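Undergrad: next one to model:
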Amino acid sequence: MGQMDSLMTTVTGWATLYGVKIIVAILIFVIGKWVARKLSNALIKVMTGREVDEALVRFAGSLSYTALLVFVVIAALGQVGIQTASFVAIVGAAGLAVGLAMQGSLSNFAAGVLIIIFKPFRIGDFVEVAGTAGVVESIMIFTTELKTGDNKKVIIPNSSVLGGVITNYSANDTRRVDLVMGISYDDDIDKAKRVLGELMAADERILQDPAPVVALIALADSSVNFNVRPWVKTADYWGVYCDLTEAIKKRFDQEGISIPYPQRDVHVHQVAS
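TA: From the prediction side, this is the model:
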């Protein structure tokens, strides 16, 4: 009878001890899972408020929730007395193996996160990256998508985007149009400057602040070259560039101002036999 009482006492003690541990482990899991979900939702809310790409928001939310849940599970298992050191080692080894196998993808992912954080460009900007110029259509987890002027979709790995020079033509509200116009050495320099100034003053898209500039820049081999530099709104850049070039040619023709082009004189000498 005494042995039975001792056995019952042992079983009761064991059940009480491990019952408490199991209850605590369940509480850790339930509360930890709730906290992980809250933190993940908070991250999603912050990224959404910063107008981060929706695909990246979902991926980051899922990744953060999964990582936090792994820590919660490890903590719960440790509470009930399960040795988690080997489990952590297995998870670490698996993570290392996956990381080594996905070096390129992880590099693209990290570059995508940096693009989102530092914002060298946004969706809708006209940029030149990795040797390609186009409008940014999407910033994905691993890639950035551009639409070129001839309506092609170009998909560029984010590591290539961040690893090279990024030129954002839409970053500022205004841009300067740079034209070089040459006239003949026989033409009137003052007249040419006056005509160029009148043409820029007549175009309402050209801004007066900063003021447009016409300056003689070079006495070239076959022409006297002027820098013609008006400032315009970024959206008007190409329209002004093309229209002003055409207007200068037509007006120069009307005013009798010639635009030289390279010429070569060939002299043939008769050699006596």
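
Undergrad: how about the strands in the chain?
TA: Secondary structure of the chain by DSSP state E: the strands cover 126-129, 132-139, 143-147, 153-157, 166-168, 174-176, 179-183, 206-207, 213-219, 224-229, 231-233.

Undergrad: mean confidence score for stretch 40-53?
TA: Across stretch 40-53, the average pLDDT comes to 78.

Undergrad: scratch that, stretch 239-259 is what I was asking about
TA: 95.

Undergrad: same thing with stretch 146-158?
TA: Rounded to a whole number, the mean pLDDT of stretch 146-158 is 93.

Undergrad: end to end, how far does it reach?
TA: Counting by C-alpha to C-alpha, to the nearest Å, the length from the leading to the trailing residue of stretch 146-158 is 12 Å.

Undergrad: centre of the chain to that stretch, how far?
TA: Between the centre of stretch 146-158 and the centre of its chain there are 13 Å (C-alpha atoms, centre = their mean, to the nearest Å).

Undergrad: what residues sit buried inside it?
TA: Of the residues in stretch 146-158, those buried by neighbour count under the rule 16 or more other C-beta atoms under 10 Å are 146, 154, 156-158. Using the backbone N, CA and C atoms, a C-beta is placed for each residue, glycine as well.

Undergrad: contact partners for residue 163?
TA: The contact partners of residue 163, by C-beta atoms under 8 Å, 6 or more residues apart in numbering, come to residue 111.

Undergrad: what of residue 62?
TA: Residue 62 sits in contact with residue 40, where contact means C-beta under 8 Å, 6+ apart.

Undergrad: distance check, it against residue 242.
TA: Distance, residue 62 to residue 242, by C-beta to C-beta, to the nearest Å: 48 Å.

Undergrad: among the strands of the chain, which comes closest to residue 196?
TA: The closest of these to residue 196 is strand 213-219. By C-beta to C-beta, the value is 4.7 Å.

Undergrad: gap between the closest one and the chain center?
TA: Computed by C-alpha atoms, centre = their mean, the separation of strand 213-219 from the middle of its chain amounts to 37 Å.

Undergrad: what packs against that strand?
TA: Taking 3 or more C-beta pairs under 8 Å, 6 or more residues apart in numbering; DSSP states H and E as contact, the helices and strands that strand 213-219 lies on are helix 189-202, strand 224-229.

Undergrad: so for it, mean pLDDT?
TA: Over the span of strand 213-219, the pLDDT mean works out to 95.

Undergrad: who touches that strand?
TA: Outside of strand 213-219, the residues that reach it under the criterion C-beta under 8 Å, 6+ apart are 180, 189, 193, 196-197, 200, 224-230.

Undergrad: recalculate using a threshold of 10 Å.
TA: The set of residues that contact strand 213-219 without belonging to it, under C-beta atoms under 10 Å, 6 or more residues apart in numbering, is 176, 178-183, 185, 189, 192-197, 199-200, 224-231.

Undergrad: distance of residue 176 relative to residue 72?
TA: The span separating residue 176 from residue 72 equals 57 Å under the rule C-beta to C-beta.

Undergrad: kindly report the same for residue 271.
TA: Residue 271 sits at a distance of 98 Å from residue 72 (criterion: C-beta to C-beta).

Undergrad: out of these two, which sits in the more crowded spot?
TA: residue 72 (18 against 5; other C-beta atoms under 10 Å).

Undergrad: and that one, what does it touch?
TA: With C-beta under 10 Å, 6+ apart as the criterion, the residues that contact residue 72 are 28-36.

Undergrad: and what of residue 199?
TA: When contacts are counted by C-beta under 10 Å, 6+ apart, residue 199 is found next to 206, 212, 214, 228, 230, 243-244, 247-248, 250-252.

Undergrad: right, I'll call it a day here.
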